[in-house]
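Engineer: The following block contains a protein sequence and its predicted model.
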Amino acid sequence: QVQLVESGGGLVQAGGSLRLSCASSGRRFSSYSMGWFRQAPGKEREFVTTISRSGGGTFYADSVKGRFTISRDNAKKTVYLQMNSLKPEDTAVYYCAAKISGIGLGPSEYDFWGQGTQVTVSS
C-alpha cells in the first residue's frame, strides 16, 4: 500500500505562484508514474499532468501547459507541481496519484491517491 500526502496549497492572487508537494510512503516510489489531478466544486476530477517513473517523460493538460511544471525526486519519494501565472479557474482541490504500470490520463487509471490540497486563486 502507498500513502500519498499533498502539501503546499493555499490562497494566492491571480498571476502568483504555488508549489505543491506530494510525499510518498513505501519503498517502491520510483516504480510508479505519478500524476496530478484537480477537482473544482461541482465538476469532475480532471487531469493536470503526469510524469514517468524516471522523470524523463511528462505530459500536461492544455489548460496548464507552459504554466505548470511537474517534477519528482525519487530519493526523497516526492513529486512536485510548480504552478506559475495562476488564474482563478485554477481554483480546485489538487490531488496527486500513483500509477503502478505505464502513464495514464484518466483518474480511473491510477491506483493510489492522496487526500488533496486546496488551491484558491483570487482575482
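Structural biologist: Perfect, I can see it now.

Engineer: Could you check which helix or strand contains residue 21?
Structural biologist: Element membership for residue 21, per DSSP states H and E: strand 18-24.

Engineer: what are the bridge partners for the residue nearest the centre of the chain, then?
Structural biologist: Nearest to the geometric centre of the chain sits residue 36, at 2.4 Å (C-alpha atoms, centre = their mean). On the basis of DSSP bridges, residue 36 takes part in beta bridges with residue 49, residue 96.

Engineer: give the contact list for it.
Structural biologist: By C-beta atoms under 8 Å, 6 or more residues apart in numbering, the contact list for residue 36 reads 20, 22, 48, 49, 50, 70, 79, 81, 94, 95, 96, 97. C-beta coordinates here come from the backbone N, C-alpha and C atoms, glycine included.

Engineer: at 7 Å instead, please
Structural biologist: By C-beta atoms under 7 Å, 6 or more residues apart in numbering, the contact list for residue 36 reads 48, 49, 70, 81, 94, 96.

Engineer: separation between the second one and residue 27?
Structural biologist: Okay, so that is residue 49. Distance, residue 49 to residue 27, using C-beta to C-beta, to the nearest Å: 25 Å.

Engineer: Is the nearest residue to residue 72 once chain neighbours are set aside in a helix, a strand, or coil?
Structural biologist: Excluding its sequence neighbours, the residue lying closest to residue 72 (C-beta to C-beta, 6 or more residues apart in numbering) is residue 79, at 4.4 Å. Recorded secondary structure, residue 79: strand (DSSP: H, G, I helix; E, B strand; the rest coil).

Engineer: Residue 79: how many residues sit nearby?
Structural biologist: 31 (other C-beta atoms under 10 Å).

Engineer: what's across from it in the sheet?
Structural biologist: residue 22, residue 72.

Engineer: And it, how far from residue 123?
Structural biologist: In terms of C-beta to C-beta, residue 79 sits 29 Å off from residue 123.

Engineer: Next: residue 117.
Structural biologist: 21 Å.

Engineer: Who has more neighbours out of these two?
Structural biologist: Each of residue 117 and residue 123 has its neighbours counted (other C-beta under 10 Å); residue 117 has more, 21 against 9.
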